[in-house]
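In: Quick one, structure for this:
(2 chains)
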Number of protein chains: 2
Amino acid sequence: MKIKRSERLIDMTAYILNHPHTLTPLTYFVKKYESAKSSISEDLTIIKKTFKERGFGVLETVAGAAGGVIFTPSIPFSESKEMIDSLCERLSEQDRLLPGGYVYLSDLLGEPQLLKQIGQIIATQYANKNIDAVMTVATKGVPIAQAVSYYLNVPFVIVRRDSKITEGSTVSVNYVSGSSERIEKMELSKRSLKRGSRVLVVDDFMKGGGTVNGMKALIEEFEAELVGITVFAESTFSGRRMVEDYTSLICVKEVDTKTKNITVVPGNYFSVMGADAIDE
Amino acid sequence: MKIKRSERLIDMTAYILNHPHTLTPLTYFVKKYESAKSSISEDLTIIKKTFKERGFGVLETVAGAAGGVIFTPSIPFSESKEMIDSLCERLSEQDRLLPGGYVYLSDLLGEPQLLKQIGQIIATQYANKNIDAVMTVATKGVPIAQAVSYYLNVPFVIVRRDSKITEGSTVSVNYVSGSSERIEKMELSKRSLKRGSRVLVVDDFMKGGGTVNGMKALIEEFEAELVGITVFAESTFSGRRMVEDYTSLICVKEVDTKTKNITVVPGNYFSVMGADAIDE
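Out: Numbering: from 1, shown residues only, chains lettered A, B, ... in the order given. Below is the predicted model of the structure:
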């Protein structure tokens, strides 16, 4: 059954959004809709234009016999900025203050719409870095890793502090916990990461950088390659931070346990992305 | 700037897919595209028809002053069946066998496309059950909870076996681990679940049902309501199972550690859904 352009556009949009970073041959659509290649090409031109105007990302046409279209999602800086500003506001709420000066953020990392945005923001930075896998550490880093993996369309792997029989053989490293200076252990299932993989490390929170440093060591053990580190939140740290090259979406600058004031500002995301100019 | 129908259809499709279970007033689109209400209505009729034909779910129009459209995503049984069959095949691979007769499945729970499908399949079952929150236990249940939460558009909460200072006050319960008959403890941050919430419990694996039973006890402690339990995989269990009313996507029926044969069959999903007739 031949279908109308309007229906094709709707179905193609859904398909393309659901298959980021995937080369889809034009013939796939030609066959699916029993339409002429020229019609499909016209459809794709309209989708491409709309995606660009609406800030969804880039739909690229690859020419040749092995050609097709490939969609690289991204989010405009104006949207990231709006979202990060609103996050800073939400994180400054006084009732988030926990004993010891910690800030409660588990609720945010369980909100699907927010996670989608975080995923898009982080994936935008690494869209053209040929990432093979996203790595994080259990438990609170998992939602962020999964959100990013949806947009980069690569698997995520979970490093654990405790061994589980359901993981099979593991590779473990010891690392120095930055803030408490204790020696801890983390491990990753041996079969979960291929040698030579290009790895993006994400986590929910970074203080001294010890955990992230541990993941760096694990990546080396797997003979894989660290491409970048992005944390949802960093906090100012008085000691010497173990990791220097990282990106943060937000920064918990000051926590005053007496007045219960939490000062949260945007992290270094925009300066890393070279987008400081958009500030206001 | 007024835009063409084709561009509206593309942008509206993206918006609606990204906002499941959310009532969007027609005026939102009228304003966004500076188009007449009648045009928007026509667009929505086309989208509704295409979504239905392509098996994306139901786009419903709610009439009246507070009206609009609401999208309830679902996945057709034929697609769930295909996906569950292919999962059974992948889980039967001999090299998944771990010492002790366990089956390795961490890689699957890190694949974004697979997680999306699992999320859709589970969300289809609870699409009209007014779920307020998805609950799971750390760590391996998290990806499933997140995937489901994307399609139901509700937050997910993570129960933990170990206390963390970053969770604030918690409520804990003791539970009997079904397979090992040890007494264990699990806890949930006090502020993460509102009283009266309608909760869907999901987990990666169920054997004796002890963990799921623990979550049931926690839900009672929070004076919340258990609406349903769905596990990715169940395994046959020789003892008395602690949980009777649950749904499973797949069932690890037999593990022969000598021949290394793993027998995996579809779980009770289709019989629970009353869809046994579609079997072949």
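
In: can we go C-alpha only for contacts and neighbour counts from here?
Out: OK.

In: ok, A:Asn128 - contacts?
Out: By Cα atoms under 8 Å, 6 or more residues apart in numbering or on different chains, the contact list for A:Asn128 is empty.

In: for it, helix, strand, or coil?
Out: Recorded secondary structure, A:Asn128: coil (DSSP: H, G, I helix; E, B strand; the rest coil).

In: how close does it get to A:Phe71?
Out: 12 Å (Cα to Cα, to the nearest Å).

In: Could you confirm whether stretch A:201-208 reaches chain B?
Out: No: against chain B, stretch A:201-208 shows no contacts by Cα under 8 Å from any Cα of the partner chain, the least distance being 10.5 Å.

In: Kindly apply the preceding question to stretch A:83-92 instead.
Out: No: using Cα under 8 Å from any Cα, stretch A:83-92 stays clear of chain B, coming no nearer than 13.7 Å.

In: can you pull the buried residues of that stretch?
Out: Neighbour counts over stretch A:83-92 (16 or more other Cα atoms under 10 Å in any protein chain shown) mark A:83-85, A:87-88, A:91-92 as buried.

In: quick check, nearest of the residues you listed to chain B?
Out: Using Cα to the nearest Cα, A:Leu91 comes nearest to chain B of the buried residues of stretch A:83-92, at 13.7 Å.

In: right, and the closest one touches A:Asn261 too?
Out: No: judged on Cα atoms under 8 Å, A:Leu91 makes no contact with A:Asn261 at a distance of 10.6 Å.

In: now the buried residues of stretch A:83-92 as JSON lines including pLDDT?
Out: Below are the buried residues of stretch A:83-92 laid out as JSON lines (pLDDT from 0 to 100):
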{"residue": "A:Met83", "pLDDT": "97"}
{"residue": "A:Ile84", "pLDDT": "98"}
{"residue": "A:Asp85", "pLDDT": "97"}
{"residue": "A:Leu87", "pLDDT": "97"}
{"residue": "A:Cys88", "pLDDT": "97"}
{"residue": "A:Leu91", "pLDDT": "95"}
{"residue": "A:Ser92", "pLDDT": "95"}
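
In: Reformat those residues as a markdown table; add secondary structure.
Out: Listed next are the buried residues of stretch A:83-92 as a markdown table, based on three-state DSSP:
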| residue | secondary structure |
| --- | --- |
| A:Met83 | helix |
| A:Ile84 | helix |
| A:Asp85 | helix |
| A:Leu87 | helix |
| A:Cys88 | helix |
| A:Leu91 | helix |
| A:Ser92 | coil |
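
In: Does the helix ranked longest in chain A reach chain B?
Out: As assigned by DSSP state H, the longest helix anywhere in chain A is helix A:37-54. Yes: applying Cα under 8 Å from any Cα, one finds that helix A:37-54 is in contact with chain B at A:46-47, A:50-51, A:54.

In: now that helix, how far from the chain's geometric center?
Out: 27 Å (Cα atoms, centre = their mean, to the nearest Å).

In: ok, now stretch A:116-125?
Out: 5 Å.

In: Pull up the residues of the stretch 1-150 of chain A that are close to chain B.
Out: Within the stretch 1-150 of chain A, the positions near chain B by Cα under 8 Å from any Cα are A:6-7, A:9-11, A:13-14, A:17, A:46-47, A:50-51, A:54, A:98-99, A:102-104, A:106-107, A:110-113, A:138-139, A:142-143, A:146, A:149-150.

In: A:Lys4 and B:Phe270, how far apart?
Out: 34 Å.

In: What average pLDDT does stretch A:170-184 get?
Out: Regarding stretch A:170-184, the rounded mean pLDDT is 87.

In: before we move on, back to that, show me which of the buried residues of stretch A:83-92 is closest to B:Gln120.
Out: Nearest to B:Gln120 out of these is A:Met83 (Cα to Cα; 26.6 Å).

In: which residues touch that closest one?
Out: Counting by Cα under 8 Å, 6+ apart, A:Met83 has contacts A:Gln117.

In: Quick one: mean pLDDT over stretch A:60-80.
Out: pLDDT averaged over stretch A:60-80 gives 93.

In: Buried residues of it, list them for me.
Out: So, applying 16+ other Cα under 10 Å, buried residues of stretch A:60-80: A:61, A:68-75, A:77, A:80.

In: Would you mind writing the CA trace of it as PDB?
Out: Coordinates of each C-alpha in stretch A:60-80 appear next as PDB, following Å, rounded to 0.1, in the frame of the first residue of the first chain:
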ATOM      1  CA  GLU A  60      23.100  14.100   7.000                       C
ATOM      2  CA  THR A  61      22.900  12.400   3.600                       C
ATOM      3  CA  VAL A  62      25.700  10.100   2.800                       C
ATOM      4  CA  ALA A  63      26.000   9.600  -1.000                       C
ATOM      5  CA  GLY A  64      27.100   6.400  -2.800                       C
ATOM      6  CA  ALA A  65      26.100   2.800  -2.900                       C
ATOM      7  CA  ALA A  66      26.500   2.300   0.800                       C
ATOM      8  CA  GLY A  67      24.900   5.600   1.400                       C
ATOM      9  CA  GLY A  68      21.900   6.700   3.300                       C
ATOM     10  CA  VAL A  69      21.000   9.100   6.100                       C
ATOM     11  CA  ILE A  70      22.400   9.500   9.500                       C
ATOM     12  CA  PHE A  71      21.000  11.600  12.400                       C
ATOM     13  CA  THR A  72      23.300  13.200  14.900                       C
ATOM     14  CA  PRO A  73      21.200  14.600  17.700                       C
ATOM     15  CA  SER A  74      22.200  17.700  19.600                       C
ATOM     16  CA  ILE A  75      20.600  20.500  21.700                       C
ATOM     17  CA  PRO A  76      21.000  24.200  21.100                       C
ATOM     18  CA  PHE A  77      23.000  26.200  23.700                       C
ATOM     19  CA  SER A  78      20.100  28.400  24.400                       C
ATOM     20  CA  GLU A  79      18.100  25.300  25.500                       C
ATOM     21  CA  SER A  80      21.000  23.800  27.500                       C
END
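
In: Tell me where chain A has strands.
Out: A:57-62, A:68-73, A:97-98, A:102-103, A:133-137, A:156-159, A:170-176, A:183-189, A:198-206, A:225-235, A:247-256, A:261-266 (DSSP state E).

In: Comparing the ones you listed by mean pLDDT, which bottoms out?
Out: strand A:102-103 (a mean of 90).

In: ok, and what's touching it?
Out: Here strand A:102-103 has contacts from A:91, A:96-97, B:165-166, using Cα under 8 Å, 6+ apart.

In: which one of these sits closest to A:Leu193?
Out: Of all these, B:Thr166 has the smallest distance to A:Leu193: 29.2 Å, by Cα to Cα.
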